[in-house]
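Novice: Sequence and predicted model, in that order:
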Amino acid sequence: MNLAIVSSSFRKEVSDNLEKNCLKTLKEKGVKDSEIKLFKVPGSWEIPLLVKKLAKTKKYNAIITFGAIVKGETYHFEQIANEVSNALMQISLEYEIPVIFEVLAVYDVRDALKRATRSEENKGVEAALTALEMIGVCKNL
């Protein structure tokens, strides 16, 4: 088992909590530290390029992505959120690898923090569980 986590350094408080909950869940499910590689990028826009480079290596069973895009007063939010999600889906299909999408597009940073820190429906936990389930589903094909 080899998992990659690609996480944005922008909105660090959100990404750090998503990572923490994801890593805790993976370890509870028996994934070893040596089977997880964490990569940091400056922002959500940079996530797809690194994910594509990782997918090309064929070393990983799944790639988990974390970030937060917060609506401001310009169209920039829509551009980033739409393009990142589209690019990650295309990479997943092209390389036939689960790319778990938890780049949170929200109207208020508090909403992203809530999703990253709450005990119920935590997006870091959900990312870990989804990655493990998709690895199993793909392996059984």
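Specialist: Good, I have the coordinates. Because the structure is predicted, anything quoted here is derived from the model rather than measured. Numbering: from 1, shown residues only.
Novice: how about Leu26, what does it touch?
Specialist: 3, 36, 128, 131-132 (C-beta atoms under 8 Å, 6 or more residues apart in numbering). (Each C-beta comes from the backbone N, C-alpha and C, glycine too.)
Novice: Let me know the distance separating it from Lys56.
Specialist: 23 Å (C-beta to C-beta, to the nearest Å).
Novice: what's the answer for Leu132, then?
Specialist: Distance, Leu132 to Lys56, using C-beta to C-beta: 23 Å.
Novice: what do you get for Leu88?
Specialist: Counting by C-beta to C-beta - Leu88 and Lys56 are separated by 14 Å.
Novice: Neighbour count: those two, which is higher?
Specialist: Leu88 (22 against 12; other C-beta atoms under 10 Å).
Novice: now the helix or strand where the more buried one lies: how far from the chain's centre is it?
Specialist: Following DSSP states H and E, one finds Leu88 within helix 76-95. Its chain's C-alpha centre and that of helix 76-95 lie 12 Å apart, by C-alpha atoms, centre = their mean, to the nearest Å.
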